[in-house]
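Student: Turn this into a structure:
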Amino acid sequence: MPTTKKENFYFGLMMCFGMVVAMTTYNLFTNGLIGKISLNGLIFQFIFGFITALLLELFIVGPVAKKIALSLPYDKSKKVLMILSISFFMVIGMVLCMSLYGLSNAYFSGSLSGDSLIESYFSMVFKNFIFALPLQLIIMGPLMRYLFDKFVKDKRMMKSLS
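Tutor: Numbers count the residues shown, from 1 in each chain. Here you go, the predicted model:
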């Protein structure tokens, strides 16, 4: 887990990169856009989605999710409970915000189906949540924590020892 603002930034970069790659691929697949969107369009969507997700994670969703998770009555000395709690609220916040981002992309590109905006939004939230929560808890969270500990934390410890 990150302990400084710099580490929090690096961890956010890593987590957002992994989640945006996975969620972009999932949404392209579920919307039948694999093979239909150009490589330039895909790269643009990924970069813009990554920047949006990172800004949301660092400045809005992350702080709010941590505040909510840490205000709940559970044993904060148990690291796994704290990780699960923060991850759960991060997924909720990011799904709500990034589904709004996806809805606006679909609206401005003219690719929304005949549903109302509210129906489309809640449909996106549901589809994204059922994929993002297990992805975060089972795959991306543990993987990024491992990589963070191995490549970011270890480097910091090596510098402090020398």
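
Student: burial count for the nearest residue in space to G49 that is not next to it in sequence?
Tutor: Once flanking residues are discounted, G49 sits nearest to V20: 5.3 Å by Cβ to Cβ, 6 or more residues apart in numbering. From N, CA and C alone the C-beta is placed, and that goes for glycine too. The number of residues packed near V20 is 22, by other Cβ atoms under 10 Å.

Student: from here on, count from 11
Tutor: Sounds good: first residue 11 from here, last item V30.

Student: Now for V30: which residues touch it?
Tutor: F56, G59, F60, A63 (Cβ atoms under 8 Å, 6 or more residues apart in numbering).

Student: any low-confidence regions in the chain?
Tutor: For the chain, applying pLDDT under 70 flags the ranges 166-172.

Student: the helices in this protein, which residues?
Tutor: For the chain, helices defined by DSSP state H occupy the ranges 15-40, 49-66, 72-81, 89-119, 127-144, 151-157, 164-171.

Student: what about the closest residue in space to N41 that isn't next to it in sequence, neighbour count?
Tutor: The shortest distance from N41 to any non-neighbouring residue, by Cβ to Cβ, 6+ apart, is to S121 (7.7 Å). S121 has 10 neighbours, counted by other Cβ under 10 Å.

Student: centre of the chain versus stretch 33-50, how much separation?
Tutor: 18 Å (Cα atoms, centre = their mean, to the nearest Å).

Student: what's around S126, how many residues?
Tutor: Residues lying near S126 (other Cβ under 10 Å) number 9.

Student: Please tell me how far it sits from S119.
Tutor: Distance of S126 to S119, given as Cβ to Cβ, to the nearest Å: 17 Å.
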